[in-house]
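# What follows is a predicted structure for the sequence shown.
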Amino acid sequence: MARAMATPLTRRRKEVRRHLLIYAGVLPFLVLAVFPIYWMLITAFKQDPDLYRMENFPFWFNLAPTLRNFKILFYQTNYGSWIWNTFTISIWVALITLLTAVPAGYALARLRLPGAENTGIAIFMTYLVPPIILFLPLSRVVAELGLQDSWLSLVLVYPTFTVPFCTWLMMGFFKTVPMEIEEAARVDGCGQAGAFLRVILPISLPGVLTSVIFAFTLSMQDFLYGLAFVSPGDQKPVPVGVPTELIRGDIYYWGSLMGAALLVGLPVAILYNFFLDRFIQGITGGIGK
Amino acid sequence: MTAGSLGGGPDSGVRVAAVPAPARRLASRGWRSQGTQRLVFGYALLAPAALYVLLLVGAPFLFSLYLAVSDANVGDPVARFIGLENFRSAWEMDTFWIALQNSVVFLVVAAVLKSALGTALAFLLLQDFRGKKLVRGLVVIPFTLPIAISVLSWKWMYDSQFSVINWVLSRLGLIGQFGTEGWPIWLGNPKLALLACIIVNVWRTFPFSAIVLLAGFTSVPSEVLDAAKVDGCNFFQRFRNVVVPMIAPILLIGFLFDTVFTLSDLSVVYLLTQGGPGNATKILPVLAYQVGIQAGNLGRGAAIALFLVPLLAPALILVLRNLKRREY
């Protein structure tokens, strides 16, 4: 009762106080989460002497900002090739993932195959077999196929985690497409394949796109396979090349390192951000919709 | 695992098919041939993914079992069967026991810290406030940034001389000056190095804990909470007796995923310390990599990696049981 009679002013004041409390609570988390990224960003644009002066205030520029660190990256290292490798690897992995996971997800969700649910779970569980157990045998497979020391080896192995995850994702997705749409297509004379290709696929584009994004972002999270299978400096993807090639012995070019890491890491993080809820839904089985 | 489960498909299929059996007997021949056609089409669509997973996850997993009982190494491709020799020699390595202990300490300490931070953050994000979307987007960045990339930032922040963490702590008067005893060398001090690695793992995964919890909280219908309120439950009773049981499955899954990823991740430790100083941060994945690839002893490396299986198996079985109950 009292609340209903409160004047607009006190209600407003209450709102402001509530907001201030929440912001005070959220602030430490924001600092914790964002500071390392801010630190990378500012390091990337600092001149070298500015990094190593303890008496200066480190959180802002004491000398003029510079692009020199990025010039070093593109002119004196393989950074350009790593970006290119990352790009081509991602495209191939996404393609393989799409061609396998989308049809499989559809078959498991819709075609009433015997034991479909268990098969789906079995495929998804392979997503949880850690690379650390698979990388030694896979290194033999890669060697047998003559792919060692080439970025192609990563095109072969990255689908080992993107295919299970995306099959599971697509399976959940196709289950949400109303059965009536398919039945209508069949009545209109579409065959089994026709209904899938001409009716279901087009309306499932959001799901398919999500799979592509995951094929890309999950590939970017790998470090072990790249480290174990690809040693020539110009064949690595960015997340492997930056930490292994830009650090020589005990000499760190922190400015270039941070620049190299951020330039690719940040776009990936932002892209992944938009699809994070789908990822959580995927692994928790869509309970938290 | 994959092979077994996929092979089990037809068996479970019999059970599924047994339910509508009377209906099927009534069905005309045309319907049946349409069913066959549907199955052929279905298996054709399923085949590429199933084959990929069988050939590149299932077979390598079996192959790693074989490697573990052989004397395979990088120089000599012809491997002989040597039984459990690799497991025995791993068992007798001091480093193995150190790595096992470090792995368990890493897992447990990190889990406690990230649950505490994640729960607090989830409660905050449950409130309505202006700029919530932005806050959420910023706070999850550690989880979405590729791991090998964000570890570099921490390596720089842990620098022995120019550590920004130490700069702040020193200005606050919490630690001594550079060059004195009171200046922590995060990655060089055996007492601090494991903690430093754990902090990075916690930093990376606390947003994940928070988002999973949040997904759980928002899945509890508000009518249920209102009903509990009407029945006279206070906040903590509602939380303990209504919310927790309802979100337990989703929490468990999130927790198990995190366990699998944390136990098997090598990039944080490998990039920060390579397992050093001494063996202070050596964990099982790092040891397996060093023995298997750097020392070229494939068999023993595979055996060490396989010691993760008994650690992971309970988690995997629980995930499996939970997924079977998933809703759409």
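Perfect, I can see it now. The structure displayed is predicted, hence computed values, not measured ones.
# Enumerate every residue touching residue 112.
Just so you know, I chose chain A. Neighbouring residues of A:Arg112 by Cβ atoms under 8 Å, 6 or more residues apart in numbering or on different chains: B:38, B:42. Placement of C-beta: from N, CA and C, glycine included.
# Kindly confirm my reading that it is in a helix.
No - read with DSSP: H, G, I helix; E, B strand; the rest coil, A:Arg112 is coil and lies in no helix.
# Give me the local confidence score for it.
At A:Arg112, the predicted lDDT confidence score is 83.
# again, but for the one 5 residues further on
A:Glu117 is assigned a pLDDT of 83 by the prediction.
# now the helix or strand harbouring it, how far from the centre of its chain.
Element membership for A:Glu117 (DSSP states H and E) is helix A:116-125. Mean-position distance between helix A:116-125 and its chain equals 23 Å (Cα atoms, centre = their mean, to the nearest Å).
# ditto for stretch A:192-212
Relative to the centre of its chain, stretch A:192-212 is centred 22 Å away, using Cα atoms, centre = their mean.
# For it, measure first residue to last.
Length of stretch A:192-212, first residue to last, Cα to Cα, to the nearest Å: 25 Å.
# Kindly report the same for stretch B:263-271.
Its start and end residues considered, stretch B:263-271 measures 16 Å (Cα to Cα).
# Mind telling me which residue of the stretch 1-150 of chain A is nearest chain B?
Scanning the stretch 1-150 of chain A for the residue nearest chain B gives A:Pro114, at 2.2 Å (criterion: Cβ to the nearest Cβ).
# which one is B:Leu138 nearest to, not counting chain neighbours?
Spatial nearest neighbour of B:Leu138, chain neighbours left out: A:Val34 (5.5 Å); criterion: Cβ to Cβ, 6 or more residues apart in numbering or on different chains.
# That neighbour: what secondary structure?
With three-state DSSP as the basis, A:Val34 sits in helix.
# Hmm, B:Gly137 and it touching each other?
No - between A:Val34 and B:Gly137 there is no contact under Cβ atoms under 8 Å: 10.5 Å.
# which of the residues in the helix holding A:Glu117 are buried?
Going by neighbour count (16 or more other Cβ atoms under 10 Å in any protein chain shown), the buried part of helix A:116-125 is A:116-125.
# Switch those over to JSON lines; also include distance to chain B.
Putting the buried residues of helix A:116-125 into JSON lines (distance: Cβ to the nearest Cβ, whole Å) gives the following:
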{"residue": "A:Ala116", "distance to chain B": "8"}
{"residue": "A:Glu117", "distance to chain B": "8"}
{"residue": "A:Asn118", "distance to chain B": "5"}
{"residue": "A:Thr119", "distance to chain B": "5"}
{"residue": "A:Gly120", "distance to chain B": "9"}
{"residue": "A:Ile121", "distance to chain B": "5"}
{"residue": "A:Ala122", "distance to chain B": "3"}
{"residue": "A:Ile123", "distance to chain B": "6"}
{"residue": "A:Phe124", "distance to chain B": "7"}
{"residue": "A:Met125", "distance to chain B": "6"}
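# Start from the N-terminal end of the stretch 151-289 of chain A and give the strands.
A:247-248, A:251-252 (DSSP state E, counting those that start in this stretch).
# quick one, which of the ones you listed is nearest to A:Glu182?
strand A:247-248 (54.2 Å; Cβ to Cβ).
# So is the closest one next to chain B?
No - shown here: strand A:247-248 not in contact with chain B (Cβ under 8 Å from any Cβ of the partner chain), separated by at least 8.7 Å.
# and residue 253, how many neighbours does it have?
As the question left the chain open, I've gone with chain A. Look at A:Tyr253: counted by other Cβ atoms under 10 Å in any protein chain shown, it has 18 neighbours.
# think we crossed wires, I meant chain B
Neighbourhood size, B:Ile253 [other Cβ under 10 Å]: 23.
# So it lies in a helix, does it not?
Yes - counting by three-state DSSP, B:Ile253 is located in a helix.
# Let me see the confidence value for the closest residue to A:Ser81 other than its chain neighbours.
Once flanking residues are discounted, A:Ser81 sits nearest to A:Asp234: 4.6 Å by Cβ to Cβ, 6+ apart. You'll see A:Asp234 listed with a pLDDT of 85.
# again with the one 3 residues further on
Looking at A:Pro237, its pLDDT is 89.
# leaving aside the residues next to it on the chain, what's closest to it?
A:Pro237 sits nearest to A:Thr86 (Cβ to Cβ, 6+ apart), 4.2 Å away.
# cool, and B:Ala303?
Sequence neighbours aside, B:Asn86 is the residue nearest to B:Ala303 in space, at 3.7 Å (criterion: Cβ to Cβ, 6+ apart).
# Tell me how many other residues crowd that neighbour.
Count around B:Asn86 with other Cβ under 10 Å applied: 25.
# And for B:Leu272?
21.
# That one reaches B:Trp156, doesn't it?
No - when contacts are counted by Cβ under 8 Å, B:Leu272 is not listed as touching B:Trp156 (10.8 Å).
# OK, contacts around the nearest residue to B:Gln290 once chain neighbours are set aside?
Closest residue to B:Gln290 apart from its sequence neighbours, by Cβ to Cβ, 6+ apart: B:Gly275 at 6.9 Å. Residues near B:Gly275 by Cβ under 8 Å, 6+ apart: B:99, B:269, B:281-283, B:286-287, B:290.
# Doesn't B:Gly275 belong to a strand?
No - assessed with three-state DSSP, B:Gly275 is coil; it does not lie in a strand.
# where does it fall, phi/psi-wise?
phi 100, psi -10 (degrees, to the nearest 10).
# So for it, what's the pLDDT?
With respect to pLDDT, B:Gly275 scores 84.
# On the pLDDT front, check B:Phe206 for me.
93.
# Tell me which residues touch it, please.
B:113-114, B:117-118, B:121, B:142 are the contacts of B:Phe206 under Cβ under 8 Å, 6+ apart.
# mind listing which of those residues are in helices?
Mapping the contacts of B:Phe206 onto helices (DSSP state H) picks out B:113-114, B:117-118, B:121, B:142.
# how many neighbours does B:Asn201 have?
24.
# A:Val93 now?
If you count neighbours by other Cβ under 10 Å, A:Val93 ends up with 24.
# Quick check: closest non-adjacent residue to it.
Closest to A:Val93 by Cβ to Cβ, 6+ apart is A:Tyr158, at 4.5 Å.
# quick revisit: could you measure from the residue nearest to B:Gln290 over to chain A?
Relative to chain A, B:Gly275 is positioned 14 Å away (Cβ to the nearest Cβ, to the nearest Å).
# and the residue lying closest to B:Pro190 once chain neighbours are set aside, which of the three is it?
Leaving aside its sequence neighbours, B:Pro190 sits nearest to B:Ala280 (Cβ to Cβ, 6+ apart; 3.9 Å). Following three-state DSSP, B:Ala280 is assigned to coil.
# State the distance from the residue nearest in space to the middle of chain A to chain B.
The centre of chain A sits closest to A:Thr217, judged by Cα atoms, centre = their mean, with a distance of 2.1 Å. Applying Cβ to the nearest Cβ, the value for A:Thr217 to chain B is 7 Å.
# That residue: what's its closest spatial neighbour, skipping adjacent residues?
A:Tyr272 (4.4 Å).
# Spell out which residues make up each domain of chain A.
Under the assignment automatic domain parsing, the domains of chain A span A:2-66, A:78-284.
# Comparing these, which yields the minimum mean pLDDT?
Of all those, domain A:2-66 has the smallest average pLDDT, which comes to a mean of 84.
# tell me the contacts of the nearest residue to A:Val199 once chain neighbours are set aside?
Distances taken as Cβ to Cβ, 6+ apart place A:Ala185 nearest to A:Val199, at 4.1 Å, with adjacent residues excluded. A:Ala185 makes contact with A:194-195, A:198-200, according to Cβ under 8 Å, 6+ apart.
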